[in-house]
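# make a model of this:
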Amino acid sequence: MFHSVIASVARIRRRRCSPSRPGWLRRAVAAIVLGGSAFFAWAQTGSPELTILHFERMPYFGVESGRSAGLLVDISGLVFAEAKIAVRYQVLPVRRIFAMLAEPFNACTLGALKTEAREKTYAYSDDFIYQDQPFTVILNAKHRHLFSKEPTVRDILESPLRPGVIDGYAYGEWLDRNLAQYQPTLSRINIGDDTARLFRMIIADRVDYMFAVVEEADYVLRRHPEFARDLVKVALADAPAGNKRYLLCSKGIDKDLMRRINVAIARVKTSSEYGSVIMRR
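Numbering: from 1, shown residues only. Down below sits the predicted model:
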């Protein structure tokens, strides 16, 4: 059923909608919900109880061997098992995920950062499910001599080098604030489902560096050992503790499901199983 709803939305987009009409998806989903009570009933009371929407961004979440996998998938699995909630994982583009979650049904996404703007539209878990390690810089190795062993973020952003950032991606309050303060000329890159794309652009001299959390940087560099010839990972002297990642859900989620999720998160975060997952990051 869910696949047919997504297909219907896609057809509406292709046939009737243009980029100049930003409300197209909200109206399309609303029409499906209002015109097809079966979808609304399935989302609210059917099996599975909860749909988890995610995109491709390993090591946090993605698809391996045909199944959803990744650090946050493992953590969320502990939460849903503790809460005794049956779930179904569904892969969608990130923009569609947030548009779908603006509608009232039992669905969440994993590991979202909390912002005031998002809190107006979505429901967050009471507590975070994971906290990132600090930001690091992935730098073209030929520029390493320009900086000390552990430069500050100001040293990096005030340099003449060209930063690449992921288009449409929120880096969190600390880094977003510094980008706004020092205003480097940014190259905004759409990486699609390819986490390593921006790394390759640094090697190709299209940009000079990027910011990445340690988990993501290590994941890509482990899987692409050939990158070590051209890239270096540089720690930042003033990088704070990493961003906190929450479950972000539709405001229409069943209240009992949300209560059970919040109780489960508190229990899971004190468990040895949670510690074991964190140690594998």
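
# residue ranges with poor pLDDT in the protein?
Along the chain, the parts satisfying pLDDT under 70 run over 1-48.

# show me what contacts the residue lying farthest from the centre of it?
Most distant residue from the mean C-alpha position of the chain: His145, 32.7 Å away (Cα atoms, centre = their mean). By Cβ atoms under 8 Å, 6 or more residues apart in numbering, no residues touch His145. All C-beta spots, glycine's among them, are computed from the backbone N, C-alpha and C.

# can you tell me the SS state at it?
Here His145 is recorded as helix under DSSP: H, G, I helix; E, B strand; the rest coil.

# could you do Cys108 as well?
Cys108 - assigned by three-state DSSP - is strand.

# relative to Ala69, how far out is it?
Cys108 is 17 Å from Ala69, where distance means Cβ to Cβ, to the nearest Å.

# out of these two, which sits in the busier spot?
Cys108 (28 against 16; other Cβ atoms under 10 Å).

# okay, and the beta partners of that one?
With DSSP bridges as the criterion, Cys108 is bridged to Ile52, Cys249.

# I'd assumed Leu248 was in contact with it.
Yes. Counting by Cβ atoms under 8 Å, Cys108 does reach Leu248; the two are 6.3 Å apart.

# what touches both of these two?
The contact sets of Cys108 and Leu248 overlap at Leu101 (Cβ under 8 Å, 6+ apart).

# what segments of the stretch 1-150 of the chain are strands?
50-54, 62-64, 67-69, 87-91, 107-112, 122-124, 130-131, 135-140 (DSSP state E, counting those that start in this stretch).

# now for those, which one comes closest to Phe211?
Of all these, it is strand 135-140 that lies closest to Phe211, at 5.1 Å by Cβ to Cβ.

# can you give the contact residues for the following helix or strand past that closest one?
The first helix or strand that comes after strand 135-140 along the chain, using DSSP states H and E, is helix 153-157. For helix 153-157, the external contacting residues (Cβ under 8 Å, 6+ apart) are 135, 137, 147-148, 163, 175, 178-179, 182, 184, 209, 236, 238-239.

# widest-spaced pair of those residues?
Farthest pair in the contacts of helix 153-157, by Cβ to Cβ: Ser148 and Leu179, 20.9 Å.

# who has more neighbours, those two?
Leu179 (17 against 9).

# I'd like the distance between that one and Val234.
With distances taken as Cβ to Cβ, Leu179 is found 17 Å from Val234.

# same question for Tyr60.
Look at Tyr60 and Val234: by Cβ to Cβ, they are 22 Å apart.

# same deal with Glu82?
Counting by Cβ to Cβ, the gap from Glu82 to Val234 is 39 Å.

# now do Asn190
25 Å.

# which one of the two has more residues nearby?
With neighbours defined as other Cβ under 10 Å, Asn190 and Val234 compare such that Val234 has more, 19 against 11.
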